[in-house]
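Undergrad: What follows is a protein structure lacking sequence information:
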């Protein structure tokens, strides 16, 4: 073995990375070579001195460094966690946002309407007194009648459905309603009504 | 909190637990400080490095890979910050042209003096230790980082490789050369 190769093995040995077989080779070389023996001794001493000396005599970090670090931390950690979730689930976030916007717009439509609205054919036969829509006795409404934000009193005949939204319905004994008579006064029902109504309207067009 | 392992603390700290984070700072601040002190030879800058390192740890939790050791990740941040500092010092001393080490890369870091408050002047230490510290200070920069990590933190070659983003074989070669360099520096004075 040449001294150059032995030197490389010495370093592996000091790194604790020398396989046993090669360690034996190195040992047999060292037995013969004085200068390599000296070299290994010096290298070992270097390592020992370094491990010991490098740690010694080092000042520790100043005591207030912890406080300085803790007070310099940004405060918005919680928001960041929330944002992290949003970033990880873009599709869910988009869907949630869509639903939220839809819900608010529907609710705002529902809330803002407190005007009396009457829909249907033959509206000239209907009498309106304040917030009350009256179908007088003897009159005939040819189709569906819808009343929003008002009370309804029926004495005559409605040939289609009668729907009352956010109001009460009074049917006199003389009243005849050929279709369904419904009162709707909850947001959810109202939304459902809107949706089904849209579908039936679209279907009949 | 004392009985928690590193991994446990890291998990809590990542979730935003400030106490766990403070505990991590407490555990590692001196190690980072020593590393910076050995690399920069300047107390003020080393304090800055400690602060900056933990701030970056805090801000970059989402980039931390839990399969990695926390200390490896933290040392990587700290050494990068130190190397940046050394790089910024460079323009003030254009020593590059005159120095060439074996690999053909030039750097004059070893000749750049830190401030006067080296460990030697702040703490009265033996002549032997002074010789050793001078030998470390005299190491070319690319060996210096590796040797400091090796001797100061007692890390394995693999860990040093992970910290510096270097193949283990490179780390190994540099440790060998660094050790030889130190041996020669100490040869006539101590052996």
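TA: In hand now; what should we look at? Note that the structure is a prediction, hence the values are computed from the model and not measured. Residues are numbered from 1 along each chain as shown, chains lettered A, B, ... in the order given.
Undergrad: If we look just around chain B, which residues of chain A are in range?
TA: Proximity of chain A to chain B (CB under 8 Å from any CB of the partner chain) is limited to residues A:8, A:11, A:14-15, A:17, A:39, A:41-43, A:45-47, A:49-51, A:53-62, A:65-66, A:68-70, A:72-74, A:77-78, A:81, A:84. (C-beta placed from N, C-alpha, C; glycine too.)
Undergrad: So which of those belong to helices?
TA: A:8, A:11, A:14, A:39, A:41-43, A:45-47, A:49-51, A:53-55, A:65-66, A:68-70, A:72, A:77-78, A:81, A:84 (DSSP state H).
Undergrad: where exactly do the helices run in chain A?
TA: A:3-14, A:20-32, A:34-55, A:65-72, A:77-88, A:90-112, A:187-204.
Undergrad: Turn the ones you listed into TSV, columns for mean neighbour count, distance to residue B:190 and mean pLDDT.
TA: TSV is the format used below for these (neighbours: other CB atoms under 10 Å in any protein chain shown; distance: least, CB to CB, whole Å; pLDDT from 0 to 100):
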stretch	mean neighbour count	distance to residue B:190	mean pLDDT
helix A:3-14	16	17	93
helix A:20-32	13	21	94
helix A:34-55	17	7	89
helix A:65-72	15	35	89
helix A:77-88	12	51	71
helix A:90-112	11	63	82
helix A:187-204	11	88	73
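Undergrad: Out of those helices, which gets nearest to residue B:182?
TA: For residue B:182, the closest of the helices of chain A is helix A:34-55, at 5.1 Å, according to CB to CB.
Undergrad: That closest one versus helix A:3-14: what angle between them?
TA: Orientation of helix A:34-55 against helix A:3-14 (axes from the mean of the first three to the mean of the last three CA atoms, to 10 degrees) gives an angle of 40 degrees.
Undergrad: Break the chain into its domains for me.
TA: As the question left the chain open, I've gone with chain A. As assigned by the TED database, chain A contains the domains A:3-57, A:117-187.
Undergrad: Oops, wrong one, chain B.
TA: Looking at the TED database, the domains of chain B come to B:1-93, B:124-190.
Undergrad: which secondary element of chain B has the worst mean pLDDT?
TA: Every helix and strand in chain B was compared by mean pLDDT, DSSP states H and E; the lowest is helix B:119-122, with a mean of 49.
Undergrad: Is it correct that residue A:122 is in contact with residue A:140?
TA: Yes - checked against CB atoms under 8 Å, the pair residue A:122 and residue A:140 is within contact range at 7.4 Å.
Undergrad: Next, format the helices of chain A as JSON lines and append distance to residue B:24.
TA: Formatted as JSON lines, the helices of chain A follow (distance: least, CB to CB, whole Å):
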{"stretch": "helix A:3-14", "distance to residue B:24": "32"}
{"stretch": "helix A:20-32", "distance to residue B:24": "40"}
{"stretch": "helix A:34-55", "distance to residue B:24": "21"}
{"stretch": "helix A:65-72", "distance to residue B:24": "10"}
{"stretch": "helix A:77-88", "distance to residue B:24": "15"}
{"stretch": "helix A:90-112", "distance to residue B:24": "32"}
{"stretch": "helix A:187-204", "distance to residue B:24": "51"}
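Undergrad: To residue B:39, which of those helices lies closest?
TA: helix A:34-55 (11.8 Å).
Undergrad: For chain B, just list every one of the helices.
TA: B:6-14, B:18-40, B:43-59, B:70-89, B:119-122, B:127-137, B:141-153, B:157-164, B:168-190.
Undergrad: could these go into a markdown table alongside distance to chain A and mean neighbour count?
TA: Shown next, in a markdown table, are the helices of chain B (distance: least, CB to the nearest CB, whole Å; neighbours: other CB atoms under 10 Å in any protein chain shown):
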| stretch | distance to chain A | mean neighbour count |
| --- | --- | --- |
| helix B:6-14 | 10 | 17 |
| helix B:18-40 | 4 | 21 |
| helix B:43-59 | 5 | 20 |
| helix B:70-89 | 12 | 18 |
| helix B:119-122 | 6 | 15 |
| helix B:127-137 | 4 | 18 |
| helix B:141-153 | 4 | 22 |
| helix B:157-164 | 6 | 20 |
| helix B:168-190 | 4 | 18 |
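Undergrad: okay, residue A:137: pLDDT?
TA: Looking at residue A:137, its pLDDT stands at 87.
Undergrad: show me what contacts the closest residue to it other than its chain neighbours?
TA: Nearest residue to residue A:137, sequence neighbours excluded (CB to CB, 6 or more residues apart in numbering or on different chains): residue A:155, at 4.0 Å. Residues counted as contacts of residue A:155 (CB atoms under 8 Å, 6 or more residues apart in numbering or on different chains) are A:134-138, A:172, A:174-175.
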